[in-house]
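>>> Fold the following.
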Amino acid sequence: MGTNRGDALRIAQLTDLHLFADASASLLGIQTEDSFHRVLDLVRHTFPRPDFLLLTGDLSQDGSSASYERLRQALLTMPMPAFCLAGNHDCEARLRRILPTACVLEEQHWLVLMVSSVVPERVHGLLSEATFAWLDAQIAANAAKGVLIAFHHPVLPLGNQWMESILLHNSQRFMHLCDRHPQVKVVVNGHAHQEFDVLHGGVRYLVAPSTCVQFLPHAAQFQVDRQAPGFRLIDLWADGTITTTVHRVGAHLFQPDLVAGGY
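Below you'll find the predicted structure:
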């Protein structure tokens, strides 16, 4: 895989698709299959073209083979490769069997590490001891490269009180790992259905909007937002800097259920 423009590696992050076995099904007022394809079209017309797609979990709402098969077919239409991670709504074994996954992507200046934060039958996230050991070894073996780490559950609180118990539960342990390895430059997550971009301890923590329904930022209780579905572009530069932008489909295309109290 080569970079698309000079010395930047460009990633399109899509997350929280919540596809169903029934392609016509809706989540909180939004037909998730339709909204995903609208976002995919937006990515398809992005220039310069992303080098790859990074899908960071909750790809299916029901963990069905049918939803993963349709997603696989959709990704095959894209002019760049895609790599998929599981979220708490996914059937991880089924996802790995059907969809393209990877653990490591190495470029001239960057190392991209993809791990699972899924705890079976739970909504919150956790990184295992084996995952911490693997991350330590991979980062130590690539000391000259900038590092991006991707998994589903956000590390930092986003300001949503109701969400704090369902984030990454061993976030302090993860941040200590980042402290030991200053070449870790950026951490990419999903799960929160909203955009988030914070620099903490020298690491850029990024969360992308969902390709379907959005959650209202800084809310004490669960609340749906009016924001449109979208994705995040991330440019990783040879000097270790990161630039990123969020792109959304037309606001008039989808009308979520703003009075929903959960899902």
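
>>> all helices of this structure, in order?
Remark: helices assigned in the chain by DSSP state H are 32-44, 65-76, 92-98, 129-140, 171-180.

>>> Quick one: closest of those to Phe215.
The closest of the helices of the chain to Phe215 is helix 32-44. By CB to CB, the value is 14.6 Å. Every C-beta, even on glycine, is put in place using the N, C-alpha and C of the backbone.

>>> Dump the helices of the chain into a markdown table; add mean pLDDT and mean neighbour count as well.
Listed next are the helices of the chain as a markdown table, based on pLDDT from 0 to 100; neighbours: other CB atoms under 10 Å:
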| stretch | mean pLDDT | mean neighbour count |
| --- | --- | --- |
| helix 32-44 | 98 | 20 |
| helix 65-76 | 98 | 17 |
| helix 92-98 | 97 | 17 |
| helix 129-140 | 98 | 14 |
| helix 171-180 | 98 | 16 |
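
>>> Need those helices in a markdown table (columns: distance to Tyr263).
Below are the helices of the chain laid out as a markdown table (distance: least, CB to CB, whole Å):
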| stretch | distance to Tyr263 |
| --- | --- |
| helix 32-44 | 11 |
| helix 65-76 | 16 |
| helix 92-98 | 20 |
| helix 129-140 | 28 |
| helix 171-180 | 24 |
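
>>> contacting residues for the closest residue to Met175 other than its chain neighbours?
Excluding the flanking residues, the one nearest Met175 by CB to CB, 6 or more residues apart in numbering is Gly201, at 6.2 Å. By CB atoms under 8 Å, 6 or more residues apart in numbering, Gly201 lies in contact with Met175, Cys178, Asp179.

>>> which ones are touching the residue nearest to His109 when sequence neighbours are not counted?
Residue nearest to His109 in three dimensions, not counting chain neighbours: Ala238, with 4.5 Å by CB to CB, 6+ apart. For Ala238, the contacting residues are Asp7, Ala8, Gln108, His109, by CB under 8 Å, 6+ apart.
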